[in-house]
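>>> Need coordinates for the following:
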Amino acid sequence: MHQGACLCGAVQFTVSDELRSPEACHCGQCRRQTGHFWSATEVDRARLRIEGEGSIRWYRSSANIRRGFCSQCGSVLFWRSDDQAVVYVAMGAFNKPTGVRLSQHIFVADKGDYYEITDGLPQHAKWPGQS
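Reported below is the predicted structural model:
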């Protein structure tokens, strides 16, 4: 079981499962929303319990994608597709220790020009499997 929260604590969550290895997304939308790149882990919606759900605001960033953030402090917490039974939860919002390590970098073709990725993990220009 893993717990986390937004900066102000208005939104708290529990994942009742082991965390999957997160990935880092360097796409333009994630960079703009977070101010850098986004790192998240995929969680089955049925395994995610949220307290303070009334403080979450959802921004529809594309036709079937919504991004959830705390309406009180602005913490970016969730990313989900309307047609999937999973939600991606921000790694930075989890209490330590998480027990996981980053697995890969995606959308590196869109990464910021002010940093290099030097950790030796796999890098993909887009989402793996996307043409």
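
>>> Tell me which stretches of this protein form helices.
Ranges of helices within the chain are 28-34, based on DSSP state H.

>>> where does it dip in pLDDT?
Residue ranges of the chain with pLDDT under 70: 129-131.

>>> Next, the contact list for Val76, please.
Val76 is in contact with Gln33, Thr34, Trp38, Arg67, Gly68, Phe69, Ala90, counting by Cβ atoms under 8 Å, 6 or more residues apart in numbering. In short, each C-beta sits where N, CA and C put it, glycine included.

>>> which of those has the most neighbours?
Ranked by the number of neighbours (other Cβ atoms under 10 Å), these place Trp38 first, at 25 neighbours.

>>> my read: that residue touches Pro22, true?
No: taking contacts as Cβ atoms under 8 Å, Trp38 lies outside contact range of Pro22: 9.6 Å.

>>> The closest residue to Gly52 other than its chain neighbours: what's it in contact with?
Among residues not flanking Gly52 along the chain, Val11 sits closest, at 4.3 Å (Cβ to Cβ, 6 or more residues apart in numbering). When contacts are counted by Cβ under 8 Å, 6+ apart, Val11 touches Ala5, Ile50, Glu51, Gly52, Glu53, Ser55, Ile56, Cys70, Ser75, Leu77.
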